[in-house]
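A.B. asks: Need coordinates for the below:
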Amino acid sequence: MLDSKDSDSRSIHSHDSRSIQSESRSILSDSRSILSDCRSIPSGGDNDGPEKPYTNESPALNQPSSSSSSAAAVVAANPDFFATALRFLFCFTGLQVSYLTWGYMQELIMTTTFEPTTSAPDGKFPSAAFCVFSNRFLAIIVAIIAVRIRHGAVCANNVAPLLAFAPCALSNTMSSWSQYASLRYVSFPVQTVFKSSKIIPVMIMGKVLKGTSYPVSQYAEAFMITVGVAIFSIASKSSDKDTSTEIVGLLFMCMYICFDCFTSQWQDKVYVKYGRANVDPYQMMLGVNSSAIVMTTAGLVLGGDIPKIIEFFKVNPTVLQYNVITAITSATGQLFIYTTIKEFGPIVFTVIMTTRQMISICISAMLFGHAMTVKALCGALIVFGVLFYQIRRKYMARQSRPN
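C.D. replies: So this is what the prediction gives:
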């Protein structure tokens, strides 16, 4: 009896299922018919026109972005401009990174109190000469590679003898040594602003070595820079340093400026004597650093600095790393100098380096806690204002020259 009821129930259930499935197929067929009719309706509404194919994608997604296409069109229309802009960005970034890092590491090495040693009980790095040596050592390697790539040989194409580079190599070594040594007595911002006043000894050296005459306006500019440097130096005087100590630092800076000005003037004299076509910047870099490395090595040996340096590095191994970074950034900075001057000229290079000086002062003041008074800022503004005026004057003079 139960089996009969179950059989009837399954029969009824099977019949209902088949009925529902049949109705579902009918509804699905009707919906497909309606959808087909909708697709056949023209997209223009009541307006007759050709039938457009159906697609599941949105028309907006099928079209490229207007902003990206317009940017690509601008780049395609001005390829030379954007190529020049990329080269400028490369040179600007390379100079800033190289010399900002170099300046920071320079101050870190010479002003930080490290673990004291027997030969350096105050914890200060004992040898500014080694800093110069490490810079020249890596610079020689870079110069050899550059000359080999450019000329196919290191010494075969040298027209100027090595002795011709000796005077400027000596002055370059002494200027670098004075720059490092001065940081024991004056702050990096004072050093940076003070270096801007080297226009005066440059004019003196140019008059003595080459008989160059300068207009009155340039003497006025030199005077204003000197006034700005004096204001900045006096306003930045630290209360924890006595006057005699800071005078020693300023004397070192005067040595740096005089030697550095002689270096640039003598290099120009070598270019004139042997011809710029025969002595390119990389050969100049190789000649100067080759002579300088001999001088710095002799100074380290005769001064007895090598045992002191080895002892200091054993106790403070991080200082060796700082010297390596300083040497690398010094070498890359020189390469970027030559590249920038070659690609964009000395005026653009001067703008970049003047900007770098301003940035380095700000970085040094923030990281090493140098106080910047209002008077000091006014002195710095006078100096950099005159420098940018000089840049503008040179640019206008170049623009006014007949092509």
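A.B. asks: Distance check, Ala169 against Pro215.
C.D. replies: Separation of Ala169 from Pro215 (Cβ to Cβ, to the nearest Å): 32 Å. No exception for glycine: its C-beta is placed from N, CA and C like everyone else's.
A.B. asks: For these two, indicate the residue with more neighbours.
C.D. replies: Ala169 (24 against 8; other Cβ atoms under 10 Å).
A.B. asks: isn't that one right up against Leu286?
C.D. replies: No. Counting by Cβ atoms under 8 Å, Ala169 stays clear of Leu286, with 10.9 Å between them.
A.B. asks: Overlap in contacts, these two.
C.D. replies: Residues touching both Ala169 and Leu286 (Cβ atoms under 8 Å, 6 or more residues apart in numbering): none.
A.B. asks: Flag the shaky bits of the stretch 151-300 of the chain, pLDDT-wise.
C.D. replies: For the stretch 151-300 of the chain, applying pLDDT under 70 flags the ranges 156, 209-210, 236-245.
A.B. asks: wait, the stretch 301-403 of the chain
C.D. replies: Per-residue confidence for the stretch 301-403 of the chain (pLDDT under 70) gives these ranges: 402-403.
A.B. asks: swap the cut-off to 80 and go again
C.D. replies: For the stretch 301-403 of the chain, the stretches with pLDDT under 80 are 342, 345-347, 350, 371-372, 394-395, 398-403.
A.B. asks: Strands of that one, residue ranges please.
C.D. replies: Counting by DSSP state E, counting those that start in this stretch, one finds no strands in the stretch 301-403 of the chain.
A.B. asks: and the gap between Ser364 and Val190?
C.D. replies: Distance from Ser364 to Val190, by Cβ to Cβ: 10 Å.
A.B. asks: Of the two, which one has the most company?
C.D. replies: Val190 (28 against 23).
A.B. asks: From Phe114, how far off is that one?
C.D. replies: 23 Å.
A.B. asks: In contact with the residue nearest to Met105 when sequence neighbours are not counted: list those residues for me.
C.D. replies: Distance criterion Cβ to Cβ, 6 or more residues apart in numbering; nearest residue to Met105, sequence neighbours excluded, is Thr326 at 4.4 Å. Neighbouring residues of Thr326 by Cβ under 8 Å, 6+ apart: 102, 105-106, 109, 131, 134-135.
A.B. asks: Mind pulling the model confidence for Thr112?
C.D. replies: Looking at Thr112, its pLDDT reads 92.
A.B. asks: For it, give me its contacts.
C.D. replies: Neighbouring residues of Thr112 by Cβ under 8 Å, 6+ apart: Phe125.
A.B. asks: Same question for the one 5 residues further on.
C.D. replies: With contacts defined as Cβ under 8 Å, 6+ apart, Thr117 is in contact with 126, 308, 311-312, 315.
A.B. asks: try it again with 7 Å
C.D. replies: Contacts for Thr117 (Cβ atoms under 7 Å, 6 or more residues apart in numbering) come out as 311-312, 315.
A.B. asks: quick one: Ile328 and Ser171, what's the gap?
C.D. replies: Distance from Ile328 to Ser171, counting by Cβ to Cβ: 24 Å.
A.B. asks: ignore the last one, Val208
C.D. replies: 14 Å.
A.B. asks: Those two: which has the busier surroundings?
C.D. replies: Neighbour count, other Cβ under 10 Å: between Val208 and Ser171, Ser171 has more, with 22 against 11.
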